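Enquirer: The following comprises the amino acid sequence and a computationally predicted model.
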Amino acid sequence: MWKRFMPWFAVAGVAMVLVLAATLTSADAPPAQAAKGPKEPKDPPMQPAGVAITPSRVAAVTVYPGSALVSREVDVPPGKGLVELTVSPLPPTIINSSLYSEGSDGIRVLTTRYRSRPIQQDTRADVAKLLAELAQLSVAREKLESDIKAIGQNLAMLGKMEGFMSVTTIQGTEKGVLNAEAAITLSKHIKEQRIETSRELVTLKQQVKANMDKAEFAQRKLGEVNTGTPRTERDAVIVVDRTNPAAGKVRLNYLVTSASWRPQYKLRASKVAKDPVQVEYLASLVQHSGEDWNNVSLTLSTAQPMLNAAPPELQSLNVGVVHLDELG
């Protein structure tokens, strides 16, 4: 009987050995996540590089008959070595090739160049502001129109009072019981109310027109903002070398168009022929450069600046050597 079951015991033993081997192998094997290796770190999102604007102000302007030379004082931070200064925004009427800079004690200008860069504006705040302004203008317009309607009703009531007064006056005259003082008082009241109401009506109509103009302007600006057109900024990039650690200044100069001036004269003479004639010399200045020229040192010039002027040509000099004994 044991011989009959021996093959089955052998098969069962082999199966048990295989199960134990598989269990040990799975226990020693690393987990699936470890087999894949460590995760590679993700690249950090790229941030747009900001442009640090150097403080500057317009210090002096020289106006020519058809252009102007603008001089800006640019602050240089303390420290030694090279530093790059960015002056922005420059006016849209600038002549790009006219940029040049002047250093000061301990500050040497190495390069000055012009740069333009487009800026995509985030117009969400501007759109929200314009929509809020349009809503306020709409509410104000509804109130004005309601006031105009009420004034129209008041004028109609004054008309009825005037008609009632006329009938009452006629009836009182026929009956001989006319109260002249009461009629005059009522007539004066109606007249004053009509004048005051008419003035108020004119004022309200003017306010309605101003409201409509503001709403139209805000609507036009809203259309411009929604287009998302990028704005162009114009910069001057100045590289300076600082030998003095203290803070200093450099002067940036450039020409702009859309600026001019012309003389004006006023002659004043008296009735007496022998009296001298007074001459007043004035200047009419117009500028649409896009910059603020308040509190600057202004100079008027009749010169014509030339960007393509050539330097003077240097002539060669011939030098000869003569011995003194040859002269004697």
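Expert: Received the coordinates, thanks.

Enquirer: quick one: Pro91 from Ala236, how far?
Expert: Look at Pro91 and Ala236: by CB to CB, to the nearest Å, they are 11 Å apart. To be clear about C-beta, it is placed using only N, CA and C from the backbone, and glycine gets the same treatment.

Enquirer: Neighbour count for those two, which is higher?
Expert: Ala236 (26 against 18; other CB atoms under 10 Å).

Enquirer: The more buried one reaches Glu84, doesn't it?
Expert: No - taking contacts as CB atoms under 8 Å, Ala236 lies outside contact range of Glu84: 11.0 Å.

Enquirer: Show me where the stretch 1-150 of the chain dips below the pLDDT cut-off.
Expert: Across the stretch 1-150 of the chain, the ranges flagged by pLDDT under 70 are 1-50, 120-123.

Enquirer: hey, where'd the strands end up in it?
Expert: Secondary structure of the stretch 1-150 of the chain (DSSP state E, counting those that start in this stretch): strands at 56-63, 68-76, 81-87, 100-102, 107-119.

Enquirer: export these to TSV and tack on mean neighbour count?
Expert: Output for the strands of the stretch 1-150 of the chain, formatted as TSV (neighbours: other CB atoms under 10 Å):
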stretch	mean neighbour count
strand 56-63	18
strand 68-76	20
strand 81-87	16
strand 100-102	16
strand 107-119	14
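
Enquirer: Compile those into TSV and extend it with columns for distance to Leu252.
Expert: Converted to TSV, those look like this (distance: least, CB to CB, whole Å):
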stretch	distance to Leu252
strand 56-63	7
strand 68-76	4
strand 81-87	6
strand 100-102	5
strand 107-119	7
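
Enquirer: Which of those strands sits closest to Arg251?
Expert: Of all the strands of the stretch 1-150 of the chain, strand 100-102 sits nearest to Arg251, with 4.4 Å by CB to CB.

Enquirer: Tell me the secondary structure at Ser187.
Expert: Following DSSP: H, G, I helix; E, B strand; the rest coil, we place Ser187 in the helix state.

Enquirer: Which strand or helix spans Lys205?
Expert: Using DSSP states H and E, Lys205 falls within helix 180-226.

Enquirer: That helix - contacts with which helices or strands?
Expert: helix 124-175 (3 or more CB pairs under 8 Å, 6 or more residues apart in numbering; DSSP states H and E).

Enquirer: the inter-axis angle of the helix it packs on versus helix 180-226?
Expert: Put simply, helix 124-175 runs at 160 degrees to helix 180-226, going by axes from the mean of the first three to the mean of the last three CA atoms, to 10 degrees.

Enquirer: pLDDT at Leu255, what is it?
Expert: Listed pLDDT for Leu255 reads 95.

Enquirer: That one is in contact with Pro305, isn't it?
Expert: Yes - applying CB under 8 Å, one finds Leu255 in contact with Pro305, separated by 6.4 Å.

Enquirer: Overlap in contacts, those two.
Expert: Ser67, Leu69 (CB atoms under 8 Å, 6 or more residues apart in numbering).

Enquirer: Look at these two and report which has more neighbours.
Expert: A count of neighbours by other CB under 10 Å puts Leu255 above the other of Leu255 and Pro305, at 20 against 15.

Enquirer: Report whether that one is found in a strand, as I expect.
Expert: Yes - under three-state DSSP, Leu255 sits within a strand.

Enquirer: just use 7 as the starting number from now, easier for me
Expert: In the new count, where the first residue is 7, that last one comes out as Leu261.

Enquirer: Any stretches of the stretch 157-306 of the chain with poor pLDDT?
Expert: 170-186, 188-189, 232-236.

Enquirer: Tell me the first helix or strand C-terminal of the helix holding Lys211.
Expert: Next along from helix 186-232, by DSSP H and E: strand 237-248.

Enquirer: what angle do that next one and strand 113-125 make?
Expert: Using the same axes, to 10 degrees, strand 237-248 lies at 160 degrees relative to strand 113-125.

Enquirer: Pairing partners for strand 237-248, with directions?
Expert: strand 87-93 (antiparallel), strand 113-125 (antiparallel) (DSSP bridges).

Enquirer: Quick check: the gap between Ile244 and Val256.
Expert: 6 Å.

Enquirer: any shared contact partners between those two?
Expert: Val80, Leu91, Ser107, Val115.

Enquirer: Dump those to JSON lines, plus distance to Glu297.
Expert: Shown next, in JSON lines, are the shared contacts of Ile244 and Val256 (distance: CB to CB, whole Å):
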{"residue": "Val80", "distance to Glu297": "15"}
{"residue": "Leu91", "distance to Glu297": "18"}
{"residue": "Ser107", "distance to Glu297": "18"}
{"residue": "Val115", "distance to Glu297": "22"}
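
Enquirer: List just the nearest of those to Ser322.
Expert: Val115 (32.1 Å).
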